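**Q** take a look and give me a structure for this.
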Amino acid sequence: MLARTRNAASSVVAIVYTAIFVGLIYGPVGWSMMGLIEEWDIFYLFKKFGVFYIADASSPMSEQRIRPLIALPYTIGYLFGPNVFVVLHVLQATSLVLKGIAVAVIIDWLLANRLIAIFCGLIFVVYPADTMQMTLRAVHINCALALSVGGIALLLDATRREGRTIRLFESIFAGMVFLTGSLIYEAGLFLAPLPLLVWWARFGWSRAAARLRAQIGPVAIWSSAVAIAAAYVLAMSLSGSNYQMDVTGDHWTMLRDVVARIPLLFTIALYRLFAHGWYDGFRMLLSHLDFWPWLAAAVIAATSLLLIFPTRVSKNNGNWPRAARIIVAGLATAILGYLPYLTSYSHLMTSQRTYLYAAVGATIVIAGSMYALAKIRPSFAALLGGLCLLSGLGSQWEQMAHYTALSHRQRMILAGILEAAPDAASPGSKRLLIIDRSGSTSNTWMLRGLEMRNALTWLYGDEVSPLVCTEPGLLFSSFGTDPAGRPGQCIESAAGWEVGQGLAEPVHPTVSDIHLPVYLAHSDLQLLAIEPDGHVAALTPTAVLQPSASAAVRWRKALGCWPASACMFQLPNAASSSFHYDFGKYWGLDDVPWGGGWRDEEWNLPSLNPVSWSWMIAPEANLWFKIKPRLGRYSFRIRLYYWISQDAKNSLTISLNGNRLDAKPVNADSLQADFDSSMLKSGLNEIRLKADQDAKNGLSVAVDQVIIQPN
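**A** Down below sits the predicted model:
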């Protein structure tokens, strides 16, 4: 009876502290973040085809049938109407709490140490290797992961039950929970061996085998659940074209690629998981010291745990092999959690979503390390746990700030379009042609291609099919390219517009009947402009200038702001006397430029401080920025990461607000120009680059950094 009371009290403490730390993640920024990419795709499908729960061969998401329950979390959010993003944040926060509690249960079963268990549950929630946990794109992954580790925690807890009936019922429930998680995101299947690994870590070979025979019922139930999930995934992967197989190739190609990429498991994956992620997390923490009240609350909460559960670990030397087994088991689990991503080179090159499952094993490694340190001196274990929590919090705060800023930029553009063309979805309305002078919508994170259509269709409540052309160069905002990888163009003539010149294939033919190029007479379109500062102007006069009252209410709820002036998002560092732009400060967190003519960011890996760069994909590319210049002399410096040819590099010219800069080489990859501050404006300024493109692929130079500062 006393043991049950202690377990119940420990469970309450775990729930409370995990909820506190999830609240600390959200606290400084809040949950105003909206959709970014795939969320708009799913909401568009819901609006066009109605709400669905299962992605099978007959559903609008048939390409995701390996993950038949992938849409379920978004369905739950969508059913709550215009407040869908708030609901998704609640689901996200709930899944974070559940997965933290589940890992705490697993480690408590492994170590019988409540302090280390709760610490590690919290560390798992904030583990800093992944850079996509806090986006709403990851809601389904976090839900799936919570179910996967929750199923494992329930299974291990079942083995502690004395009653045979309750043990079997809990095992069945554990299998169902794990199966559900695997059907939302199939990577959960790679955690199936974890119960055996932690069993071995706790008991060793001989004792584990004897005890395992006594748990044959739970083992059989668990194996059945895993077999059902694995059989389904295998059957779907053989059933025809689907997203996962399109990315990885056939099974033989997949296996061959995994073997060939094993070295990258160590040079990129494990390096990021056990070293670089923590380094990045501390850098992010130092950049958010303005969140100090929340940081102080985290320190107080972590310290109070030491008072509730003092660290007591036996110093018996016989326990050292157990600590070693725990670390080995955690390392094996981390490799299993990352293994699916070795099938795709593009996933290896990002830290988004690829470390969420691997973090389970990495957290077990930390648990084993804390256990070993506590045998030497308990304060060492507490120090390790505290440092991990601080780094992890820094990482989550940076994610929240970064993705919320991107979301607010999207919201500004969407609100501006709604206000400038409130009747765009009305019967007989003209087609929207949007000239994006800010260049932002050429980036994946900023409503590129059909994402603009998907978001606007959901917001208008009816189908709209806008076309977007970005400056400079009037490039068609699309994921489609010509055979050489160049984007289509928009050409204006006296009669109208030709949109998508150079692209002859359908854009996303599975979800769209758009064939390019599209020809539009001036009389058939409504022309809007996204100005460099992000506000939207109507270039074609329209009779309807105000939305209906019901539409305004719906948009205010969906966007969290209205009218469009209340949704404006300012360019960063407007009050600064200098300007420094990098395409990304932290690996995986791309900084979307205020400008166009750029390809999406790339990174060099592995590296302690990975360099980010972006290729120019148009004859001209630009960057908009705000500054408050000082009187006197200024210097401009640009660092190139690469160039397609020496001719392309030599042809590079740079202008500031229309005035050409005499930029001269200072070393092999950098150019510098000095100029008077009178060339700068107080407020909005433009840097424009021009270079000769390669005829085969449309590339010229790749830019790493741009700096403008007083001498």
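
**Q** where's stretch 297-312 relative to the chain centroid, distance-wise?
**A** Here stretch 297-312 is found 31 Å from its chain centre; the criterion is C-alpha atoms, centre = their mean, to the nearest Å.

**Q** what distance do you get for the closest residue in space to residue 629 that isn't next to it in sequence to residue 31?
**A** Leaving aside its chain neighbours, residue 629 sits nearest to residue 680 (4.0 Å; criterion: C-beta to C-beta, 6 or more residues apart in numbering). The way it works is simple: take the backbone N, C-alpha and C, and place the C-beta from them, glycine included. To residue 31, residue 680 is 38 Å away according to C-beta to C-beta, to the nearest Å.

**Q** before we move on, what about residue 111?
**A** Residue 111 is 34 Å from residue 31, by C-beta to C-beta.

**Q** neighbour count for those two, which is higher?
**A** residue 111 (25 against 18; other C-beta atoms under 10 Å).

**Q** so the more buried one sits against residue 367, correct?
**A** Yes - counting by C-beta atoms under 8 Å, residue 111 touches residue 367, with 6.5 Å between them.

**Q** so who does residue 457 touch?
**A** 44, 47, 48, 425, 463, 464 (C-beta atoms under 8 Å, 6 or more residues apart in numbering).

**Q** one more: residue 228?
**A** residue 179.

**Q** what comes up buried for whatever helix or strand it lives in?
**A** Element membership for residue 228 (DSSP states H and E) is helix 216-237. Within helix 216-237, the residues that count as buried by 16 or more other C-beta atoms under 10 Å are 218, 219, 221, 222, 225, 226, 229, 232, 233, 236, 237.

**Q** so the fifth one touches residue 171, yeah?
**A** By that I understand residue 225. No - counting by C-beta under 8 Å, residue 225 stays clear of residue 171, with 9.1 Å between them.

**Q** pull up the per-residue confidence for residue 4.
**A** Here, the pLDDT recorded for residue 4 equals 55.

**Q** ok, residue 247 next?
**A** Predicted confidence (pLDDT) for residue 247: 67.

**Q** now swap in residue 243 and tell me
**A** At residue 243, the predicted lDDT confidence score is 65.

**Q** now residue 511
**A** On the pLDDT scale, residue 511 gets 40.

**Q** same question, the one 5 residues further on
**A** At residue 516 the predicted local confidence, pLDDT, stands at 72.

**Q** cool, and residue 173?
**A** 95.

**Q** which helix or strand contains it?
**A** Using DSSP H and E, residue 173 falls in helix 164-184.

**Q** tell me the helix or strand right after that helix.
**A** Sequence order places helix 194-213 as the next helix or strand after helix 164-184, per DSSP H and E.

**Q** could you check the angle helix 164-184 makes with that next one?
**A** Orientation note: helix 194-213 sits at an angle of 160 degrees relative to helix 164-184 (axes from the mean of the first three to the mean of the last three C-alpha atoms, to 10 degrees).

**Q** which other residues reach helix 194-213?
**A** Under the contact criterion C-beta under 8 Å, 6+ apart, helix 194-213 has outside partners 106, 109-110, 152, 155-156, 219, 222, 321-322, 325-326, 328-329, 332-333, 336, 360-361, 364, 368.

**Q** show the average pLDDT along that helix.
**A** Computed over helix 194-213, the average pLDDT equals 85.

**Q** and that helix, what's buried?
**A** 194, 195, 197, 198, 199, 200, 201, 202, 203, 208, 212.

**Q** of those, closest to residue 620?
**A** Among those, residue 194 lies closest to residue 620 (C-beta to C-beta), at 53.0 Å.

**Q** distance of the closest one from residue 214?
**A** 20 Å.

**Q** related to what we said a few turns ago, report the angle between the helix holding residue 173 and helix 216-237.
**A** Relative orientation of helix 164-184 and helix 216-237, computed by the same axes, to 10 degrees: 20 degrees.

**Q** how many other residues sit next to the residue nearest to residue 629?
**A** Residue 680: 20 surrounding residues under other C-beta under 10 Å.

**Q** how far away is it from residue 579?
**A** To residue 579, residue 680 is 9 Å away according to C-beta to C-beta.

**Q** now for the two: what residues contact both?
**A** 627, 708.

**Q** can you classify residue 668 as helix, strand or coil?
**A** Of the three states, residue 668 takes coil under DSSP: H, G, I helix; E, B strand; the rest coil.

**Q** please report phi then psi for it.
**A** The phi/psi pair for residue 668 (degrees, to the nearest 10) reads phi -60, psi -30.

**Q** do you know how far it is from residue 649?
**A** From residue 668 over to residue 649 the distance is 10 Å, taken as C-beta to C-beta.

**Q** ok, back up a step: now for the helix holding residue 173, which elements pack on it?
**A** With contacts taken as 3 or more C-beta pairs under 8 Å, 6 or more residues apart in numbering; DSSP states H and E, helix 164-184 sits against helix 139-158, helix 216-237.

**Q** which strand or helix spans residue 689?
**A** Using DSSP H and E, the element containing residue 689 is strand 683-690.

**Q** the inter-axis angle of the following helix or strand past that strand versus strand 683-690?
**A** With elements assigned by DSSP H and E, the helix or strand that comes after strand 683-690 is strand 701-710. For strand 701-710 against strand 683-690, the angle between stretch directions is 140 degrees (the same axes, to 10 degrees).

**Q** what is the neighbour count of residue 679?
**A** The tally of other residues near residue 679 (other C-beta under 10 Å) stands at 17.

**Q** okay, stretch 688-704 in CSV with CA atoms only?
**A** Presented in CSV, the C-alpha positions along stretch 688-704 are these (Å, rounded to 0.1, in the frame of the first residue of the first chain):
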residue,chain,number,x,y,z
ARG,A,688,20.6,44.5,-55.4
LEU,A,689,23.1,42.0,-56.9
LYS,A,690,23.5,41.1,-60.6
ALA,A,691,25.5,38.3,-62.1
ASP,A,692,25.7,36.2,-65.2
GLN,A,693,23.8,32.9,-64.9
ASP,A,694,25.0,29.5,-66.1
ALA,A,695,23.1,28.5,-69.2
LYS,A,696,22.7,24.9,-67.9
ASN,A,697,21.2,25.4,-64.4
GLY,A,698,20.5,29.1,-64.0
LEU,A,699,22.9,29.6,-61.1
SER,A,700,25.6,32.2,-60.7
VAL,A,701,26.9,32.9,-57.2
ALA,A,702,26.1,31.6,-53.7
VAL,A,703,26.0,34.3,-51.0
ASP,A,704,26.9,33.6,-47.4
